[in-house]
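**Student:** The following block contains a protein sequence and its predicted model.
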Amino acid sequence: MRSIDLRTPRRLAAAAGLMVCALVTVSPGPARADAPAAQWQAVNRAIVQGHVLPRYAALARATSTLQLQTVRFCADPRPSSLRFLRRAYALTAQAWADVEHLSTGPVMREQRRYRIRLWPDKHGTAAKQIRALLASADSAALEPQAFRGGSVAVQGLTAMERLLFPVADVAAEDFAGGDEAAFRCALLRAIGDNLADIAASVADEWESGAAADAGARGTMGETGGSARDAAAGFLRDLSTGLEALAMNKLERPLGPAPATARPKRAEAWRSDLTLQLLRANLASLQHLYMTGFSPVLTTDPIDGALDLRIRAAFTAALAAAALDQPLPALVGDAEGRARAQHLLAETRALQVLIGTKLPEALNLPLGFNSLDGD
């Protein structure tokens, strides 16, 4: 992995060609509680430049394509255009899985995170809101300003999945002919427009330089905080991302026993994307670790051994996720369930390293996370 130059200031060019002020960057290791702020700035800048910005840019591109495909499909609903739309949905869902763990910065404003994807939806809010909206056929509710200010449950990927992948198979004809079909397609377009607008706004606010530069300094585009606080925030995202994966994406559908397995609690079971998104989560979390925290550990012999353990644990978890059947089909089957439980065990083992050993080595506090109390 390329080391961060200790001597040369680096500048981050914004998307519009503007330059943010340069920060003196130093090697990210060894960074400890008494390390100068510039060392944590280097860690944060590496994460922002190498991990955050490219992934939000990819999400913006994916949602733009999804928006285009909704327009094309609704203009001429055919089986072929429905396949293209479903493919665009899958790519967008994966692009979201690549950034889902990031819980700081512009995505947290205006409820954007939940407007992109409200999941887990433990109370079935999306289903209730979609039924109510379809029954009302209120076109005024789909106007951009009204839609943005309405229920988050109907604005994003969770709602679109229900429209494109209902329990009873959907056909292109379900979106063509008649007022009900026309409104269903109008809802699809409203979701596509909304997702593209949110993703573009988040990417633009990061790439403008203000959020990216603040991320390196430590404020993450918000008020207060130090560079060390920002690094702790990224570490918390890493740990919480693994905890959410284990708790929500594996333990919830597995249940305590085969008889009590709940396959429909798996993420994206309708679109059969459960494992694809889970693997994307793991791979992106691995990339976050390798980009920001692994270089810190490799400068110290003792911490270097921990780095090797964490790398091996990521490899083991990704290997365990290479299942050849959909997760919802495995959780109620004895043999398949054992393989899903092995994936859970590897994920939990990795999370223990990230959630306990890594903070100790870095001397960074994890603090509370968004799952505390769930």
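**Tutor:** Now that the structure is in, tell me what you want to look at.
**Student:** alpha carbons only for contacts and neighbour counts from here, please
**Tutor:** OK.
**Student:** Can you spell out which helices and strands pack onto the longest helix belonging to the chain?
**Tutor:** Longest helix in the chain, counting residues (DSSP state H): helix 179-207. Judged by 3 or more CA pairs under 8 Å, 6 or more residues apart in numbering; DSSP states H and E, helix 179-207 is in contact with helix 53-75, helix 112-116, helix 125-136, helix 144-149, helix 157-164.
**Student:** Pro263 is in contact with Asp333, isn't it?
**Tutor:** No: between Pro263 and Asp333 there is no contact under CA atoms under 8 Å: 10.8 Å.
**Student:** which one of these two has more residues nearby?
**Tutor:** Just comparing Pro263 and Asp333: by other CA atoms under 10 Å the higher neighbour count belongs to Pro263, 20 against 15.
**Student:** For the more buried one, give me its contacts.
**Tutor:** Shown in contact with Pro263 (CA atoms under 8 Å, 6 or more residues apart in numbering): Pro253, Leu254, Trp269, Leu327, Pro328, Ala329, Val331, Gly332.
**Student:** Phe147 and Ser139 touch, don't they?
**Tutor:** No: look at Phe147 against Ser139 with CA under 8 Å: they stay out of range, at 10.0 Å.
**Student:** which of those two has more neighbours?
**Tutor:** Phe147 (18 against 12).
**Student:** before we move on, the earlier item: so which of the contacts of Pro263 are in strands?
**Tutor:** Here DSSP state E is the test, and those give no hits in strands at all.
**Student:** Of the helices and strands packed on helix 179-207, which is nearest Met290?
**Tutor:** helix 53-75 (15.1 Å; CA to CA).
**Student:** and Pro365, that's in a strand?
**Tutor:** No: under DSSP: H, G, I helix; E, B strand; the rest coil, Pro365 falls outside any strand and is assigned coil.
**Student:** so it makes contact with Ala232?
**Tutor:** Yes: with contact defined as CA under 8 Å, Pro365 and Ala232 form a contacting pair (6.2 Å).
**Student:** give the contact list for the residue lying closest to Leu250 once chain neighbours are set aside.
**Tutor:** Of all residues not flanking Leu250 in the chain, Leu344 sits nearest, at 6.3 Å (CA to CA, 6 or more residues apart in numbering). Going by CA under 8 Å, 6+ apart, Leu344 touches Ala246, Leu250, Glu251.
**Student:** how many neighbours does the closest residue in space to Ala88 that isn't next to it in sequence have?
**Tutor:** The spatial neighbour of Ala88 that comes closest, neighbours along the chain excluded (CA to CA, 6+ apart), is Leu66 at 5.1 Å. Residues within reach of Leu66, counting by other CA under 10 Å, total 27.
**Student:** so can I have JSON lines of the helices and strands packed on helix 179-207 showing mean pLDDT and distance to Asp197?
**Tutor:** Below are the helices and strands packed on helix 179-207 laid out as JSON lines (pLDDT from 0 to 100; distance: least, CA to CA, whole Å):
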{"stretch": "helix 53-75", "mean pLDDT": "97", "distance to Asp197": "8"}
{"stretch": "helix 112-116", "mean pLDDT": "97", "distance to Asp197": "10"}
{"stretch": "helix 125-136", "mean pLDDT": "95", "distance to Asp197": "20"}
{"stretch": "helix 144-149", "mean pLDDT": "96", "distance to Asp197": "10"}
{"stretch": "helix 157-164", "mean pLDDT": "96", "distance to Asp197": "14"}
